[in-house]
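Chemist: Below is the sequence, then the predicted model.
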Amino acid sequence: MSGSEVIERPDTEAPIEGKEPIVRFEKISKSFGELDVLKEVDLDLYPGERVAIIGPSGSGKTTMARLLMTLEEPTDGYIEVDGRQLWHKEVNGELVKANEKHLHEVRGDIGMVFQHFHLFPHMTVLKNLMEAPIKVKGQTKAKAREEALAMLEKVGMVDFADQYPARLSGGQQQRVAIARALVMHPKVMLFDEPTSALDPETVGEVLEVIKEIAKDREMAMMLITHEMSFARDIADRIAFFDEGKIQEQGPPAKLLNNPETERLGEFLNRFGIDGNHG
Amino acid sequence: MVWDWKYALDILPGLLEVAPVTILATLGAFAVALILGLGLAFARRSTNRLLSGVTHAVVEFIRSTPPFVQLFFLFFVMPQFGVTMSALMTGILGLGIHYSTFLSEVYRAGIDSVEKGQWEAATALNFTPRQKWMRIILPQAIRPIIPVMGNYLITLFKETPMLLGITVVEMLSQAQIIGSQSFRYTEPVTLVGIFFLVLSYGASLLVKRLEIRLNVHR
């Protein structure tokens, strides 16, 4: 378990000197019935670090995000968020399964953007952004409104504040969904294939927004993506998942240009990245 | 026997005098059904197998026995166990319980129609379970089922004459009393029929309009 051993720092381009990990996956396993989706995965994320997770579908990469967001419970292992156990809590010196109250306390540090946006269809765009800050964080209406509008401005959606989500394109909905997660000020933000469900012509606008937010180093980001060039541009570190394990990880230039494992080489070939190009 | 307009007009005020009883029984029973139905829907969805199983059995039992028998049971049998209520209260409760089993199924359909992603987005924003239900899930679950609910309200309304069986003086019962005084039943019973027709039809038009309005934001 955590704390005792010396933390081995990952090869990353993020400035992580002297920092403690904000998220630690420790020997995390997840099975659905007979199917082992994750097999004793270790992964640390540092404050402000941007880690892209790539790999073939079914490799377990989305499950990593879902476990951290508490949408799915790990079969085995531990997840630590900012020094606190997520799925466990300490009772008389022993770690027991966490209850909803404990999950609620720790989960506030994490935000998530989904492949299919999941905006609340019965609320306007502005309401979508105000509801959680008011109800969950106890913000005043005026403050929540002010910040929601500022965030909509940031993602270029302020003109749509009074629209219902059904009226918006996929790319617009995703930009609103990003803003909705951001107003909660998570320490870690998860992007689960944020452009996979979009029409090709709206992918760009969403990627631009994500790049824009990535500029400030306040928040750690975990990006599950199939967009290789995007991962290269934005990530400090890329982790390649296959068959429920991290097969290889490192800074984008190193990982994409000189893959060490054959699996990664084959995977990149399928994306037309031949290992030698820029 | 021919229709006597003068007689019909004479008895109309007497009949309408008890219209509030019919309306009160309808709205009261529907309120019971709305609240209890939601409770049953929650109990049925519970992860506690025992609670969910027992609820399922109770719902099936109530749904499969005639409401008239249930009303008789509440009114004539329960007092033997020391539970007594006024006839109207018994009627409201009896019909309310009966319809709650139907509405619980409607609620369930509505809740199931909300996509899984809505739960996940609500979790990701760290809403409490209660907030998730109240702010995110139920508003979306109830919207599409409002027309169905409206139709159950109309059906319930049309079944209130059954309350005469447990001595509630509602419309049909009043018609019977008036008829028995003059041995003319044509006018009072017909008038009761018209009363139900006008209100049911009016209500069904309202439900239709509501249905159209609810579809606007979809």
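Modeler: Received the coordinates, thanks.
Chemist: how near is residue B:195 to chain A?
Modeler: Separation of residue B:195 from chain A (C-beta to the nearest C-beta, to the nearest Å) stands at 37 Å. Backbone N, C-alpha and C define where each C-beta goes, glycine included.
Chemist: ok, for that residue, nearest residue in space, not its chain neighbours?
Modeler: residue B:171 (6.1 Å; C-beta to C-beta, 6 or more residues apart in numbering or on different chains).
Chemist: thinking the one you found is in contact with residue B:193, fair?
Modeler: No. In this structure, residue B:171 is not within contact of residue B:193 by C-beta atoms under 8 Å, at 9.6 Å.
Chemist: and residue B:37, what helix or strand is that in?
Modeler: helix B:19-45 (DSSP states H and E).
Chemist: And that helix, how far out from the chain middle?
Modeler: 6 Å (C-alpha atoms, centre = their mean, to the nearest Å).
Chemist: ok, which stretches of the stretch 151-278 of chain A are helices?
Modeler: Remark: helices assigned in the stretch 151-278 of chain A by DSSP state H, counting those that start in this stretch are A:170-182, A:200-214, A:228-234, A:252-257, A:262-270.
Chemist: Check which residues of the last one are buried.
Modeler: Neighbour counts using 16 or more other C-beta atoms under 10 Å in any protein chain shown place A:263-264, A:267-268 of helix A:262-270 among the buried residues.
Chemist: which bits of the stretch 1-150 of chain A sit near chain B?
Modeler: Applying C-beta under 8 Å from any C-beta of the partner chain, one finds that the stretch 1-150 of chain A approaches chain B through A:69-71, A:100, A:104, A:107-108, A:110-112, A:114, A:116, A:118-122, A:131-132, A:135-136.
Chemist: What residues does chain B have near chain A?
Modeler: So far as C-beta under 8 Å from any C-beta goes, chain B lies against chain A at B:115, B:117-118, B:120-121, B:123-129, B:131, B:135-136, B:139-140, B:143, B:217-218.
Chemist: Show me which of those residues are buried.
Modeler: B:118, B:120-121, B:123-127, B:131, B:135-136, B:140, B:143.
Chemist: Show the pLDDT at the closest residue to chain B within the stretch 151-278 of chain A.
Modeler: For the stretch 151-278 of chain A and chain B, the shortest gap (C-beta to the nearest C-beta) falls at residue A:164, measuring 5.4 Å. The model reports residue A:164 with a pLDDT of 96.
Chemist: Spell out the secondary structure type for residue A:28.
Modeler: Applying DSSP: H, G, I helix; E, B strand; the rest coil to residue A:28 yields a three-state assignment of strand.
Chemist: Tell me the confidence at it?
Modeler: Residue A:28 is given a pLDDT of 95.
Chemist: Who are the contact partners of it?
Modeler: Residue A:28 sits next to A:38, A:40-43, A:64, A:67, A:74, A:76-79 when contact means C-beta atoms under 8 Å, 6 or more residues apart in numbering or on different chains.
Chemist: let's see it at 6 Å
Modeler: By C-beta atoms under 6 Å, 6 or more residues apart in numbering or on different chains, the residues touching residue A:28 are A:38, A:41, A:74, A:77.
Chemist: in what helix or strand does the third one lie?
Modeler: It stands for residue A:74. Using DSSP H and E, residue A:74 falls outside every helix and strand.
Chemist: before we move on, what about the last one?
Modeler: When elements are assigned from DSSP H and E, residue A:77 belongs to strand A:76-81.
Chemist: who does the helix or strand just after that strand touch, helix- and strand-wise?
Modeler: Next in sequence after strand A:76-81, counting helices and strands by DSSP H and E, comes strand A:84-85. The contact analysis (3 or more C-beta pairs under 6 Å, 6 or more residues apart in numbering or on different chains; DSSP states H and E) places strand A:84-85 against no helix or strand.
Chemist: Pull out the buried positions in whatever helix or strand comes next after strand A:84-85.
Modeler: Later in the chain than strand A:84-85, the nearest helix or strand by DSSP H and E is strand A:88-91. The neighbour-count check on strand A:88-91 (16+ other C-beta under 10 Å) flags A:88-89 as buried.
Chemist: Outside of strand A:88-91 itself, list whatever touches it.
Modeler: Contacts of strand A:88-91 with the rest of the structure, by C-beta under 6 Å, 6+ apart, involve A:95, A:98, A:102.
Chemist: just how off-centre is the next helix or strand after that strand within its chain?
Modeler: Note on strand A:88-91: by DSSP H and E, the next helix or strand toward the C-terminus is strand A:94-97. Put simply, strand A:94-97 sits 26 Å off its chain's centre (C-alpha atoms, centre = their mean).
Chemist: what packs against strand A:94-97?
Modeler: Strand A:94-97 is packed against no helix or strand, with contacts defined by 3+ C-beta pairs under 6 Å, 6+ apart.
Chemist: That strand pairs with which strands, parallel or anti?
Modeler: Paired neighbours of strand A:94-97 in the sheet (DSSP bridges): strand A:88-91 (antiparallel).
Chemist: and the partner strand, C-alpha only, in PDB?
Modeler: What follows is strand A:88-91, C-alpha atoms only, in PDB (Å, rounded to 0.1, in the frame of the first residue of the first chain):
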ATOM      1  CA  HIS A  88     -11.700   2.400   1.000                       C
ATOM      2  CA  LYS A  89     -11.900   4.100   4.300                       C
ATOM      3  CA  GLU A  90     -10.000   3.500   7.500                       C
ATOM      4  CA  VAL A  91     -11.900   2.100  10.400                       C
END
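Chemist: Provide a list of residues in contact with the residue most central in space within chain B.
Modeler: By C-alpha atoms, centre = their mean, chain B has its centre lying nearest to residue B:30, at 3.6 Å. Residues in contact with residue B:30 (C-beta under 6 Å, 6+ apart) are B:153, B:156.
Chemist: Could you tell me how far it is located from chain A?
Modeler: Distance of residue B:30 to chain A, given as C-beta to the nearest C-beta: 24 Å.
Chemist: per-residue confidence for that residue?
Modeler: 97.
Chemist: what do you get for residue A:212?
Modeler: You'll see residue A:212 listed with a pLDDT of 91.
Chemist: What's the local residue count around residue 21?
Modeler: Just going to use chain A. 22 (other C-beta atoms under 10 Å in any protein chain shown).
Chemist: try again with chain B
Modeler: Neighbour tally, residue B:21, other C-beta under 10 Å: 19.
Chemist: Chain neighbours aside, what residue packs nearest to it?
Modeler: Excluding the flanking residues, the one nearest residue B:21 by C-beta to C-beta, 6+ apart is residue B:170, at 4.8 Å.
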